[in-house]
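[1] Got a predicted model here, sequence first, then my questions.
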Amino acid sequence: MNMKPYSLDLRERALAALDAGDTQVEVAAQFGIHKSTLQKWWYRWQATGSCAALPPARGVQRTLHACQSFLRQEVKKQPDATLAELCERVAVRHGLRASVSMMCREVRILGLPRKKNRFMTANAKRGGSKPCGQNSKRSLSRPWGTW
């Protein structure tokens, strides 16, 4: 649910009415706002001289944001490195502690490949699989339960 802030005009009129001597309850009812909203505007106006809306929050800053180029180089250099290995390299190079889940999110955000193969070299070829039934010990001609 994304709500837009109240207009600056409404804020200023409500604070002017409050400053004129009306009670918070009366001003809140007159302008159709909650009393706590009016209090927040009043405190902000007293502290800063402005009752304008605050800019939207950006959220938590990514810890590994500063390591973007390093991560890209490491994945390019060794594409089959595990997330845990990347965490260790970041810790050694940049002194940042990163969990595997944090590294997974960062790799996804950067759009880096994650396909890993633990038991094959990068140049090895996989053996092709045969279609179902060609190498099966069971035969469809046998009745169930006889093999």
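    Sure thing, it's come through. No experiment lies behind these values; they were computed from the predicted model shown. Residues are numbered from 1 along each chain as shown.
[2] I33: what's it in contact with?
    Y6, L10, A14 (CB atoms under 8 Å, 6 or more residues apart in numbering). No exception for glycine: its C-beta is placed from N, CA and C like everyone else's.
[3] ok, now with 7 Å
    A14 (CB atoms under 7 Å, 6 or more residues apart in numbering).
[4] Can you report phi and psi for it?
    For I33, the backbone dihedrals are phi -120, psi 170 (criterion: degrees, to the nearest 10).
[5] What is the subsequent helix or strand relative to the lengthiest helix in the chain?
    Longest among the helix segments of the chain by residue count, using DSSP state H, is helix 35-48. From helix 35-48 onward toward the C-terminus, using DSSP states H and E, the following helix or strand is helix 68-77.
[6] Need the CA coordinates for the longest helix of the chain. PDB is fine.
    The C-alpha trace of helix 35-48 is given here as PDB (Å, rounded to 0.1, in the frame of the first residue of the first chain):
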ATOM      1  CA  LYS A  35      -4.400  13.900  16.100                       C
ATOM      2  CA  SER A  36      -1.000  12.100  16.100                       C
ATOM      3  CA  THR A  37      -0.400  13.200  12.500                       C
ATOM      4  CA  LEU A  38      -1.000  16.800  13.600                       C
ATOM      5  CA  GLN A  39       1.400  16.300  16.500                       C
ATOM      6  CA  LYS A  40       4.100  15.000  14.200                       C
ATOM      7  CA  TRP A  41       3.700  18.000  11.900                       C
ATOM      8  CA  TRP A  42       3.900  20.300  14.800                       C
ATOM      9  CA  TYR A  43       7.100  18.800  16.200                       C
ATOM     10  CA  ARG A  44       8.700  18.800  12.800                       C
ATOM     11  CA  TRP A  45       7.800  22.400  12.300                       C
ATOM     12  CA  GLN A  46       9.200  23.400  15.700                       C
ATOM     13  CA  ALA A  47      12.400  21.400  15.100                       C
ATOM     14  CA  THR A  48      13.100  22.300  11.500                       C
END
